[in-house]
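Peer 1: Predicted coordinates and the sequence they were generated for:
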Amino acid sequence: MRLGYVCINMELQASKPKITCNRGMIRRTFLAKGLPYASELALQNVKDLSEIIRWNHAHDVEVFRMTSCLFPWASEYQLEQLPDYEEICKALKVAGDLAKKFGQRLSFHPGPFNVLSSPREHVVNNCIKDLEHHGEVMDLLGMPRSRWAKINIHVGASYGDKETALDRWCRNYERLSDTVTTRLTLENDDKASMYSVVDLAGVPYERHGIPIVFDFHHHRFCDGGLSEADALQLAACTWPAGVRPTCHYSDSKRIEYNDDTIRPQAHSDYIFNRIDSHGLDLDIVLEAKAKERALMRYREEYLATGT
DNA sequence: ATAGGTCAAGCGAGG
DNA sequence: CCTCGCTTGACCTAT
């Protein structure tokens, strides 16, 4: 299995000057400073993306989820409008070329506001806009239009009627361009009332062939009646040949801290259980608060060789 | 330089 | 009805 981490490299972010792809601003600042400042932040973000990719390679990390905050307020403009657009494109190409050279797999996980199943038109429009933005950035990185460069989301909401919501999800999915549809995946939820692997293997997979990202931790709260092994197997079968299935893994912070005031769904700082890939070849993204440090510690504790 | 209050979006859960 | 949490805490101002 190959392990990855998400969005932030704590070591690089703590360095001086800091290396991060997360520069952003609040609304008030965006209104005051506008596109030139958004452009400046985006340029720094995409340049630093290369630095994180280099760090990953130097530490044998081949799976990395990029932040969705590369472009502050991306929903409010076209990338071409940014003053530094040309330079931004070059920096993205550099980052993408590096990742490809290193065999490093990059992905996106747009946020919880992407609800393609919503009955509200403006919610769906915003979602489509955000997904298209992610697709566009993947293209600018030079990433393939395949699930190798996945854009992963949740169904988003059920409104008390999963079947109707899934049908709406599928109809709205058809409005997406190839930059998104070729890369889109769906992840199982962490609430019993929401979407299990079984739900996702139904309509979304049957109608559109959407692969399922299996989240081990979420499955503990929404299992659709399947064991972990069976759910993982089912999810893995939805991936096209030649593309290694991706999973998410976290442990429970509640157990880590032995504190039952913490919600059981909360992600742990570190991974303290051995991950069981059930015999499958997987890319496993660690969703741990300690980011790359959690990955390093897991390797030391569970994958150390020679002893 | 650090602390504390503030901050886009949609939804469901818990108080 | 309000707050929290989620992909991911980061930004901004006052001290």
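Peer 2: Yep, it's here.
Peer 1: State the mean pLDDT of stretch A:149-160.
Peer 2: Stretch A:149-160 carries an average pLDDT of 93.
Peer 1: And that stretch, what's buried?
Peer 2: Using 16 or more other Cβ atoms under 10 Å as the test for burial, stretch A:149-160 gives A:A149, A:K150, A:I151, A:N152, A:I153, A:H154, A:V155, A:G156, A:A157, A:S158. Placement of C-beta: from N, CA and C, glycine included.
Peer 1: Contacts only, for the closest residue to DNA strand B within the stretch 1-150 of chain A.
Peer 2: Using Cβ to the nearest atom of the strand, A:R27 is the residue of the stretch 1-150 of chain A that sits closest to DNA strand B, at 2.1 Å. Shown in contact with A:R27 (Cβ atoms under 8 Å, 6 or more residues apart in numbering): no residues.
Peer 1: Tell me which stretches of chain A form helices.
Peer 2: Secondary structure of chain A by DSSP state H: the helices cover A:10-14, A:27-58, A:85-102, A:121-141, A:162-173, A:178-181, A:197-201, A:203-208, A:216-219, A:228-236, A:253-256, A:291-302.
Peer 1: Return the residues of the stretch 51-200 of chain A in contact with DNA strand B.
Peer 2: A:69, A:72-75, A:111-113, A:115, A:118-120, A:122-123, A:126, A:130, A:156-160, A:191-194 (Cβ under 7 Å from any atom of the strand).
Peer 1: Now that we have those residues, which of them are buried?
Peer 2: Buried among these (16+ other Cβ under 10 Å): A:69, A:72-74, A:115, A:118, A:123, A:126, A:130, A:156-158, A:194.
Peer 1: Which two among these are spaced furthest apart?
Peer 2: Farthest pair in those (Cβ to Cβ) is A:P72 and A:S158. Separation: 31.2 Å.
Peer 1: What's the local residue count around A:A58?
Peer 2: A count of neighbours around A:A58, defined by other Cβ atoms under 10 Å, yields 9.
Peer 1: where does the stretch 151-300 of chain A dip in pLDDT?
Peer 2: Nowhere does the stretch 151-300 of chain A drop to pLDDT under 70.
Peer 1: tell me which parts of it are close to DNA strand C?
Peer 2: Applying Cβ under 7 Å from any atom of the strand, we find that the stretch 151-300 of chain A lies next to DNA strand C at A:H154, A:E187, A:D190, A:H218, A:R263, A:Q265, A:A266, A:H267, A:E287, A:K289.
Peer 1: A:R274: which of those is nearest?
Peer 2: Nearest to A:R274 among these is A:E287, at 16.5 Å by Cβ to Cβ.
Peer 1: you'd agree A:R65 is up against A:D283?
Peer 2: No - if you go by Cβ atoms under 8 Å, A:R65 and A:D283 don't touch, sitting 10.4 Å apart.
Peer 1: between the two, what contacts are shared?
Peer 2: Residues touching both A:R65 and A:D283 (Cβ under 8 Å, 6+ apart) are A:G4.
Peer 1: For the residue lying closest to A:K253 once chain neighbours are set aside, give me its contacts.
Peer 2: Once flanking residues are discounted, A:K253 sits nearest to A:A266: 4.0 Å by Cβ to Cβ, 6 or more residues apart in numbering. Going by Cβ under 8 Å, 6+ apart, A:A266 touches A:S252, A:K253, A:R254.
Peer 1: Over to A:N56?
Peer 2: Contacts of A:N56 (Cβ under 8 Å, 6+ apart): A:E62, A:F64, A:F102, A:Q104.
Peer 1: What about the residues you listed, which are in strands?
Peer 2: Judged by DSSP state E, these include A:F64 as members of strands.
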